[in-house]
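1. Sequence first, then the predicted structure:
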Amino acid sequence: MGNFVLYAAVAVVMSLGIAALVRVFIMSLRRPSMSKRLQHRFAGERVLRQERQVNSYGRNALGMAELTKTGALTLTPEYLSYLISFANEEIHIPLHEIEEVTTPETRLMLLVFHKILRVAYRSDGEMDAQAFVVRDADAWRDDILTARAALHVEAGAPE
C-alpha cells in the first residue's frame, strides 16, 4: 500500500510537469516570432543596430536576484531597447539618460569569459546599469556613444 501511494504521487507530479511543458510549448507556437515582434515594434523607426539572441544580466538595482533574460537589443537614434523573449516586456533606455557605456569582462561577481556591454544610466533620478551579452561589445559601445553624441549635437548641447 505504501509503495502504491508513492508511485501515485510520482505519477501525479510527472503528469503536472509534462502538462506544464506542453503548455509552454503551445504558448510559444502562438506567440509571434521575435522577428515579427521586432518588425512590428520598430516599424517606421530608424534602427541603427539590432541583435537577436542577446542575454541580459539584468539591472544592477535588482542585484543577483535578477534572472538572466534572453531577448533582442535594438539601438535607435533616440534610445536603446531590450525586447525580452517569452514576455511582453521591454526595457527602454533613452540615450540622453545614458551616463557610461563600458565593455567589462565581469559584472556582479559573475565571471564572463568574453566582453559584455554594460550601460549605466539614470532611472527615476537614480543611477542604474544593465549588462548585455552581445557578439561585438566594442562595436555596440561605439555605436551607442556615436548615437548619443549625435543626439546632443541635434539638441544643441555641448558634447
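-> Cool, the structure landed.
2. Going by C-alpha atoms from here, please, whenever you check contacts or count neighbours.
-> OK.
3. Which pLDDT value goes with residue 2?
-> The per-residue pLDDT reported for residue 2 equals 68.
4. For this structure, just list every one of the strands.
-> For the chain, strands defined by DSSP state E occupy the ranges 49-59, 69-75, 79-84, 90-94, 98-102, 106-107, 110-111, 117-123, 126-133.
5. just so I know, which of those strands lies nearest residue 17?
-> Residue 17 lies closest to strand 69-75 among these, at 22.2 Å (CA to CA).
6. next one: that closest one to chain centre, how far?
-> Strand 69-75 sits 4 Å away from the centroid of its parent chain (CA atoms, centre = their mean, to the nearest Å).
7. Kindly reformat the strands of the chain as JSON lines containing mean neighbour count and mean pLDDT.
-> JSON lines is the format used below for the strands of the chain (neighbours: other CA atoms under 10 Å; pLDDT from 0 to 100):
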{"stretch": "strand 49-59", "mean neighbour count": "18", "mean pLDDT": "86"}
{"stretch": "strand 69-75", "mean neighbour count": "21", "mean pLDDT": "91"}
{"stretch": "strand 79-84", "mean neighbour count": "21", "mean pLDDT": "94"}
{"stretch": "strand 90-94", "mean neighbour count": "15", "mean pLDDT": "92"}
{"stretch": "strand 98-102", "mean neighbour count": "17", "mean pLDDT": "95"}
{"stretch": "strand 106-107", "mean neighbour count": "15", "mean pLDDT": "56"}
{"stretch": "strand 110-111", "mean neighbour count": "10", "mean pLDDT": "58"}
{"stretch": "strand 117-123", "mean neighbour count": "20", "mean pLDDT": "92"}
{"stretch": "strand 126-133", "mean neighbour count": "18", "mean pLDDT": "89"}
